[in-house]
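> Predicted model follows, preceded by the sequence.
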Amino acid sequence: MADLDVSIVLPVYNERGHLGAEIDRIRAAMDASRYTYEIIVIDDGSNDGSGEALRQIEGIRLIQFATNRGSGSARKYGTRAARGDVVVWTDVDMTYPNDLIPELVDQLAGYDQVVGARTSEQGTHKVFRVPAKLFIRKLASYLVQTPIPDLNSGLRAFRRDVALQYVSQLPPGFSCVTTITLTFLAHGYSVKYWDIEYSERAGSSKFHWWTDTRRYLLQVIRMTLSFNPLRVFLPLGLLLMLIGSGKLVYDIVANDWKVAINTLLVLFAAFQVFMIGMLADLVGRATRATEEVQPAALHTVDPGAVVPVVAPPEPEPAGR
């Protein structure tokens, strides 16, 4: 079969009650659009009968895992199996406006990834979830030096050729969506944020506030150490150097040039942090792929094209 415009990847884990309605909503929106498409559903080891229900739905590509491997694994496998130039990730829990997927793909023009940025928080455990997500989003924005309105939205569209370069680096769990955002940004690809409404989910949430928040944070740190470690080690090293220098001045003035052992330890720790940061940065640069897919916004100039240069007229000699 020829390549398609869009591949829509749907991870499913125990969502039987609303599968048909969600897939029908997606199909109706895509049928009314100008895009050719496919719907890839990955049953991630469901035990509520979702697999049996999916086998009754026609017009989808169904991939079934024998055991639950995580939504990240489902998205990775679906991305590798996709035939479309554009891959769309979304959920089937009725939270995202999947009837707007054609408009989401339209927003991709000139960009490498478009993220559906949620304007409200409808998730469970809001007391813990909202502050944790805010902290992690601010940390990620600092690390990649780019504002990130929504770090872990489950609705996004991206270029398949770009994503395939990094899909092996994606984790198996919920932080997969966090990682693909940071990966694109860290490698110089453009990410656009498109405001969407976020609804209450159907069925029960699979999000565990402590386990998944910890995984999000650890994944952000791993990504930073992989792509821009100096953003972590340089400020920490400077802080330790400032503390050690202040203590050194105190020892010289107050203790008649007798430098305390703890002062030397702090200065040595600062030196170690600087060295580890530079080593991590060197390893990251050395192991980075030498050839990458060109970003969507990169414009090339035909080397054979000659641009005429018109010199300004010479001024006439004075006195004439």
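Done, it's in.
> show me where the stretch 201-320 of the chain has helices.
Under the criterion DSSP state H, counting those that start in this stretch, the stretch 201-320 of the chain contains helices at 209-227, 230-254, 261-287.
> Adding mean pLDDT, distance to Gly70 and mean neighbour count, write those helices out as a markdown table.
(C-beta placed from N, C-alpha, C; glycine too.) Converted to a markdown table, the helices of the stretch 201-320 of the chain look like this (pLDDT from 0 to 100; distance: least, Cβ to Cβ, whole Å; neighbours: other Cβ atoms under 10 Å):
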| stretch | mean pLDDT | distance to Gly70 | mean neighbour count |
| --- | --- | --- | --- |
| helix 209-227 | 72 | 10 | 18 |
| helix 230-254 | 93 | 27 | 15 |
| helix 261-287 | 90 | 26 | 15 |
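> Can I get those helices in JSON lines including distance to Tyr111?
What follows is the helices of the stretch 201-320 of the chain, written out as JSON lines (distance: least, Cβ to Cβ, whole Å):
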{"stretch": "helix 209-227", "distance to Tyr111": "20"}
{"stretch": "helix 230-254", "distance to Tyr111": "24"}
{"stretch": "helix 261-287", "distance to Tyr111": "25"}
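> Poorly predicted segments of the chain, please.
1-2, 121-129, 202-209, 212, 216, 289-290, 298-320 (pLDDT under 70).
> Can you give the domain ranges for it?
According to automatic domain parsing, the chain comprises the domains 4-227, 230-287.
> Please identify the deepest-packed of those.
domain 4-227 (a mean of 18; mean count of other Cβ atoms under 10 Å).
> Please measure how far the first residue of that one sits from its last one.
Domain 4-227 has an end-to-end distance of 32 Å (criterion: Cα to Cα, to the nearest Å).
> Over to stretch 104-114?
The straight-line separation of the ends of stretch 104-114 (Cα to Cα) is 7 Å.
> when you give positions from now on, start the count at 25
Yep, numbering from 25; the last one is stretch 128-138 now.
> what are the phi and psi values for the closest residue to Gly140 other than its chain neighbours?
Closest residue to Gly140 apart from its sequence neighbours, by Cβ to Cβ, 6 or more residues apart in numbering: Leu179 at 3.5 Å. Main-chain dihedrals, Leu179, degrees, to the nearest 10: phi -110, psi 120.
> In this model Asp123 seems to touch Leu179, though I could be wrong.
No - applying Cβ atoms under 8 Å as the test, Leu179 and Asp123 come out as separate, 11.6 Å apart.
> which helices and strands sit right next to the helix or strand harbouring Ser165?
Using DSSP states H and E, Ser165 sits in helix 150-168. Here helix 150-168 is seen to pack against helix 200-210, helix 233-251, helix 254-278 when contacts are counted using 3 or more Cβ pairs under 8 Å, 6 or more residues apart in numbering; DSSP states H and E.
> contact partners of it?
With contact meaning Cβ atoms under 8 Å, 6 or more residues apart in numbering, helix 150-168 is reached by 145, 147, 171-176, 202, 205-206, 209-210, 231, 233-234, 237, 240-241, 244, 247-248, 251-252, 255-256.
> run the last query once more with 10 Å
Contact with helix 150-168 is made by 145, 147, 149, 170-176, 199, 202, 205-210, 215, 231, 233-234, 236-238, 240-241, 243-245, 247-249, 251-253, 255-256, 259, as judged by Cβ atoms under 10 Å, 6 or more residues apart in numbering.
> repeat for stretch 305-315
Applying Cβ under 10 Å, 6+ apart, the external contacts of stretch 305-315 come out as 189-190, 210-211, 249-255, 257-258.
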